[in-house]
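*Asks:* need a structure here:
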Amino acid sequence: MNKLPKIKSILVVCMGNICRSTTAEAVLRTKLKQRGFNIKVDSAGTTDYHKGDKPDPRAISIGEKKGYSFKGIRSRKVSEKDFAKFDLILASDQKNLAYLSKRCPEQYLAKLDLYLPAGGLAEQEIPDPYYGSVQGFKQVLEMIEQASDGIIERLS
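*Replies:* I've put the predicted structure just below:
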């Protein structure tokens, strides 16, 4: 797995910014801090359906049981400024990556990637647990934890 260049900030993106990307933000922020990294982590959505909302209660419940804090996380839509502001922008799935790719200025396209492959996982997409059961949120958390460990390994 290739080492990542000097990264100071990471943005994680899904559709509504209340399930996958907020979980990844909480997990990555915690794991980076535990490993002594000083990297800003944020999340955003490709839509503004949930603008200003807290993460899904199921995501919070599952994540907090494993020690992740969702404090201060609120849904927001990706902005044009994000492409310049963040060093790495990780999408939860192909659809959201395509959205980002269409809107991203050409000079920043190299910053875009999928979350799971960036962490060395064979799976391409984090499934959206929103319309499913709590089990889906548990599965998503496990995938995100594994990929986050891989991302941090690439930063080391």
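*Asks:* what's the helix of greatest length in the chain packed up against?
*Replies:* Ranked by residue count under DSSP state H, the longest helix found in the chain is helix 134-155. Using 3 or more Cβ pairs under 8 Å, 6 or more residues apart in numbering; DSSP states H and E, the elements in contact with helix 134-155 are helix 20-34, helix 57-65, helix 115-118. The C-beta positions use only the backbone N, C-alpha and C, and glycine is treated the same way.
*Asks:* switch those helices over to a markdown table; also include mean pLDDT and distance to D149.
*Replies:* Output for the helices and strands packed on helix 134-155, formatted as a markdown table (pLDDT from 0 to 100; distance: least, Cβ to Cβ, whole Å):
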| stretch | mean pLDDT | distance to D149 |
| --- | --- | --- |
| helix 20-34 | 97 | 7 |
| helix 57-65 | 97 | 16 |
| helix 115-118 | 97 | 12 |
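*Asks:* quick one on the thing from earlier: now the angle from the longest helix of the chain to helix 57-65?
*Replies:* 50 degrees (axes from the mean of the first three to the mean of the last three Cα atoms, to 10 degrees).
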